[in-house]
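Chemist: Provided below are the primary sequence and the corresponding predicted coordinates.
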Amino acid sequence: MSISSVIKSIQDIMRQDAGVDGDAQRLSQLSWLLFLKIFDAQEEALEFEQENYKTPIPEKYLWRNWAADPEGITGEELLEFVNDEIFVELKNLTAPVDTNPRGFVVRQGLSDAYNYMKNGTLLRQVINKLNEVDFNRSDERHLFGDIYEQLLRDLQSAGNAGEFYTPRAVTRFIVDRVDPKLGERVMDPACGTGGFLACSFDHVKNNYVETAEDHQILQKQILGVEKKQLPHLLCTTNMMLHGIEVPVQIRHDNTLNKPLSSWDSDIDVIVTNPPFGGTEEHGIEKNFPAEFQTRETADLFLQLIIEVLADKGRAAVVLPDGTLFGEGVKTKLKKMLTEECNLHTIVRLPNGVFNPYTGIKTNILFFTKGQQTKDIWFYEHPYPEGVKNYSKTKPMKFEEFQTEMDWWGNEADGFASRVENDHAWKVSIEEVIERNYNLDISNPYQGEVIDYDPNKLLSDYAKQQQSIDTLRSQLKDVLGAALSANMTEGE
């Protein structure tokens with residue numbers, strides 16, 4: 001049976017259980033089961049490779065000792081074992097990160113996990129189905145990556161779960177262009193389920209790893225932080241599937257929850273799609289300089305990225321159109337970005353790239369820290385011939401980016417080979433300053449097109465409202481100053 005059939009069968013079994021409500025809970029339930037099974041598969045490999053290897057958790061909680069036997073414990077006995085022993089013991093496991101790092105990974109991974117299933121017989125059926133997959137076989141481990149993405153795409157009906165997923169075409173293009181190398185510290189400060197990190201790991205492994213020592217270096221150079229429990233557990237599992245034995249550097253935390261000044265500037269590469277359209281909890285903004293304080297998540301992440309990049313560090317960040325045309329703190333941010341970094345390329349993505357999760361139009365900003373921006377190249381990514389929008393069944397494909405990759409050139413020579421064309425144009429920093437750092441610059445080689453797309457119309461409406469609000473604020477200041485002057489004269 002294929003892995004996809006196994007996963008579908010598991011989901012069908014879970015639908016019969018009264019305790020599992022909806023796609024999000026089904027994925028959450030499946031995620032901790034997968035985590036424990038994959039952890040044990042990795043344990044078996046380590047036991048084979050290393051003499052006198054000692055398991056980092058009590059042996060009775062290893063998957064092979066309670067779940068692998070299809071005729072093993074079931075019903076109420078299984079539920080009691082899972083709820084009262086596995087979760088209690090492993091969530092409270094004494095496992096210092098320096099002396100028992102793999103135990104630490106287990107404790108952190110299960111810290112907020114929960115067994116939703118109430119029927120122990122159905123839970124045994126799920127476990128037995130999961131046992132049809134052998135994660136020690138490289139072909140099944142590789143195939144699981146595709147199934148993993150399918151599980152995430154199936155979450156579209158689970159509210160805001162789309163934030164967990166960035167299309168593979170986008171992650172592959174970004175990582176290919178940023179080109180992380182062996183030994184460079186690669187970070188995603190809002191890593192979700194680890195798409196960018198897994199892609200970066202594969203890129204370095206396929207292009208730069210030649211020895212066992214190289215592989216050990218690679219395992220330690222991938223860093224991520226994720227605020228929410230479910231994507232964090234999925235990311236940890238994802239890293240283990242990719243061969244990272246001790247993914248302690250995938251932290252369950254809010255990256256924004258410490259003062260910006262306390263960060264070291266030592267990250268060589270940042271590739272990320274930070275959350276946008278939301279706001280952080282009260283008080284988070286106090287971790288940032290007064291003139292840049294805001295509660296808008298994407299703005300805070302952009303500040304942090306600029307701060308933590310090392311000199312000559314490279315970044316590629318997915319950001320919404322609102323960042324490009326926004327004012328206030330956004331204007332100050334763009335000024336800082338162009339003064340402290342070389343913002344050399346903005347790839348403008350078409351509508352629908354993130355369908356069905358969001359219709360917000362997005363961009364990829366590529367920049368290198370340590371040199372001021374002189375010119376910004378824009379590249380407007382077109383739809384493929386015959387395509388008017390992307391969808392769940394017809395997503396963007398990596399091959400579409402071949403035109404950008406052929407055009408790209410080399411940053412070392414200032415992208416001397418780049419030429420303007422129907423999709424690419426260059427804007428000087430002087431023009432950007434004249435525009436008060438409004439980076440929402442239209443393609444000069446495309447005539448005006450009337451677009452009735454509702455998302456585009458809403459975006460245009462938002463820009464107009466922002467301009468009106470800015471003008472209203474300016475008029476208020478002028479009138480306030482005038483009234484104050486009149487009162488002073490009257491005195």
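Modeler: Now that the structure is in, tell me what you want to look at.
Chemist: only C-alpha atoms for contact and neighbour calcs from this point on.
Modeler: Noted.
Chemist: how close does residue 102 sit to residue 93?
Modeler: 11 Å (Cα to Cα, to the nearest Å).
Chemist: the more surrounded of the two?
Modeler: residue 102 (22 against 17; other Cα atoms under 10 Å).
Chemist: the more buried one against residue 54, yeah?
Modeler: No - using Cα atoms under 8 Å, residue 102 is not in contact with residue 54, being 10.9 Å away.
Chemist: tell me the contacts of residue 376?
Modeler: Contacts for residue 376 were tallied using Cα atoms under 8 Å, 6 or more residues apart in numbering; they are 343, 344, 345, 346, 426, 427, 428, 429.
Chemist: any chance of these in TSV with secondary structure and neighbour count as columns?
Modeler: Output for the contacts of residue 376, formatted as TSV (DSSP: H, G, I helix; E, B strand; the rest coil; neighbours: other Cα atoms under 10 Å):
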residue	secondary structure	neighbour count
343	strand	25
344	strand	21
345	strand	18
346	strand	21
426	strand	17
427	strand	14
428	strand	12
429	helix	18
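Chemist: quick check: of those residues, which lies closest to residue 61?
Modeler: residue 346 (49.4 Å; Cα to Cα).
Chemist: quick check: beta-bridge partners of the closest one?
Modeler: On the basis of DSSP bridges, residue 346 is bridged to residue 365, residue 378.
Chemist: which ones are touching it?
Modeler: With Cα under 8 Å, 6+ apart, residue 346 has these contacts: 363, 364, 365, 366, 376, 377, 378, 379.
Chemist: and the spatially most central residue of the chain, helix, strand or coil?
Modeler: Centroid-nearest residue in the chain, with Cα atoms, centre = their mean: residue 191, separated by 3.7 Å. Under DSSP: H, G, I helix; E, B strand; the rest coil, the three-state class of residue 191 is coil.
Chemist: any idea how far it is from residue 294?
Modeler: 22 Å.
Chemist: cool, and residue 76?
Modeler: 50 Å.
Chemist: quick one, which of those two is more surrounded?
Modeler: Of the pair residue 76 and residue 294, residue 294 is the one with more neighbours under other Cα under 10 Å, namely 22 against 13.
Chemist: residues making contact with the host helix or strand of residue 169?
Modeler: Element membership for residue 169 (DSSP states H and E) is helix 168-178. Residues from elsewhere that reach helix 168-178 (Cα under 8 Å, 6+ apart): 195-196, 199-200, 203, 269, 271, 314-316, 396-399, 401, 405.
Chemist: can I get that helix as CSV, trimmed to CA atoms?
Modeler: The C-alpha coordinates for helix 168-178 follow below in CSV (Å, rounded to 0.1, in the frame of the first residue of the first chain):
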residue,chain,number,x,y,z
ARG,A,168,7.4,24.3,-2.8
ALA,A,169,8.0,26.3,-6.0
VAL,A,170,8.6,29.5,-4.0
THR,A,171,10.8,27.9,-1.4
ARG,A,172,13.0,26.1,-4.1
PHE,A,173,13.4,29.3,-6.1
ILE,A,174,14.3,31.4,-3.1
VAL,A,175,16.9,28.8,-1.7
ASP,A,176,18.3,28.3,-5.2
ARG,A,177,18.9,32.1,-5.6
VAL,A,178,20.3,32.7,-2.1
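Chemist: what about that helix, average pLDDT?
Modeler: Per-region confidence: helix 168-178 scores 95 on mean pLDDT.
Chemist: determine how far that helix lies from the middle of the whole chain.
Modeler: 12 Å (Cα atoms, centre = their mean, to the nearest Å).
Chemist: kindly report the same for stretch 35-54.
Modeler: 28 Å.
Chemist: and it, what's buried?
Modeler: 35, 36, 37, 38, 39, 40, 41, 42, 43 (16 or more other Cα atoms under 10 Å).
Chemist: just the closest of these to residue 290, please.
Modeler: The closest of the buried residues of stretch 35-54, once distances to residue 290 are taken by Cα to Cα, is residue 35, at 41.8 Å.
Chemist: which one is the closest one nearest to, not counting chain neighbours?
Modeler: residue 237 (5.4 Å; Cα to Cα, 6 or more residues apart in numbering).
Chemist: quick check: which element contains the one you found?
Modeler: Per DSSP H and E: helix 229-241 holds residue 237.
Chemist: what is that helix packed up against?
Modeler: Helices and strands touching helix 229-241, by 3 or more Cα pairs under 8 Å, 6 or more residues apart in numbering; DSSP states H and E, are helix 22-49, helix 101-110, helix 195-208, strand 250-252.
Chemist: please name whichever of these is nearest to residue 418.
Modeler: Nearest to residue 418, of the helices and strands packed on helix 229-241 and by Cα to Cα, is helix 195-208 at 24.7 Å.
Chemist: quick one: mean pLDDT for the closest one?
Modeler: Helix 195-208 comes out at a mean pLDDT of 94.
Chemist: same deal with stretch 441-451?
Modeler: Computed over stretch 441-451, the average pLDDT equals 72.
Chemist: the helices in the stretch 251-400 of the chain, which residues?
Modeler: Under the criterion DSSP state H, counting those that start in this stretch, helices of the stretch 251-400 of the chain are mapped to 297-308, 321-325, 329-340.
Chemist: and among those, the most buried is which?
Modeler: helix 297-308 (a mean of 22; mean count of other Cα atoms under 10 Å).
Chemist: other SSEs contacting that one?
Modeler: helix 329-340.
Chemist: packing partners of the helix it packs on?
Modeler: Using 3+ Cα pairs under 8 Å, 6+ apart, helix 329-340 sits against helix 297-308.
Chemist: what's around residue 197, how many residues?
Modeler: By other Cα under 10 Å, neighbour count at residue 197 equals 28.
Chemist: relative to residue 278, how far out is it?
Modeler: Distance from residue 197 to residue 278, by Cα to Cα: 23 Å.
Chemist: same check on residue 243?
Modeler: 34 Å.
Chemist: with neighbour numbers in mind, choose between the two.
Modeler: residue 243 (14 against 10).
Chemist: mind checking pLDDT for the closest residue to that one other than its chain neighbours?
Modeler: In space, and not counting its chain neighbours, residue 243 is closest to residue 219: 7.8 Å by Cα to Cα, 6+ apart. pLDDT for residue 219: 91.
Chemist: got the contact list for residue 219?
Modeler: Taking Cα under 8 Å, 6+ apart, one finds 243, 244, 245, 246 in contact with residue 219.
Chemist: measure the first one to residue 29 for me?
Modeler: Counting by Cα to Cα, the gap from residue 243 to residue 29 is 23 Å.
Chemist: one more: the second one?
Modeler: Taken as Cα to Cα, the spacing of residue 244 relative to residue 29 amounts to 23 Å.
Chemist: check contacts around residue 33.
Modeler: residue 127.
Chemist: ok, 10 Å please
Modeler: Neighbouring residues of residue 33 by Cα atoms under 10 Å, 6 or more residues apart in numbering: 27, 39, 63, 67, 115, 126, 127, 130.
Chemist: circling back to that earlier point, what about the helices of the stretch 251-400 of the chain, which gets the closest to residue 289?
Modeler: helix 297-308 (9.7 Å).
Chemist: how far away from the center of its chain is that closest one?
Modeler: 14 Å.
Chemist: next: stretch 307-322.
Modeler: Per Cα atoms, centre = their mean, the centroid offset for stretch 307-322 relative to its chain is 13 Å.
Chemist: now that stretch - C-alpha only, PDB.
Modeler: Output of stretch 307-322 as PDB, limited to C-alpha atoms (Å, rounded to 0.1, in the frame of the first residue of the first chain):
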ATOM      1  CA  GLU A 307      19.400  43.100  12.800                       C
ATOM      2  CA  VAL A 308      20.500  39.400  13.000                       C
ATOM      3  CA  LEU A 309      22.100  39.200   9.600                       C
ATOM      4  CA  ALA A 310      25.900  39.100   9.700                       C
ATOM      5  CA  ASP A 311      27.900  41.500   7.500                       C
ATOM      6  CA  LYS A 312      27.500  40.300   3.900                       C
ATOM      7  CA  GLY A 313      24.700  38.000   5.100                       C
ATOM      8  CA  ARG A 314      22.000  37.200   2.500                       C
ATOM      9  CA  ALA A 315      18.200  37.200   2.900                       C
ATOM     10  CA  ALA A 316      15.100  36.500   0.900                       C
ATOM     11  CA  VAL A 317      11.800  37.400   2.500                       C
ATOM     12  CA  VAL A 318       8.200  37.000   1.300                       C
ATOM     13  CA  LEU A 319       6.300  40.200   2.100                       C
ATOM     14  CA  PRO A 320       2.800  41.500   1.100                       C
ATOM     15  CA  ASP A 321       2.200  44.500  -1.200                       C
ATOM     16  CA  GLY A 322       1.300  46.500   1.900                       C
END
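Chemist: cool, thanks, signing off.
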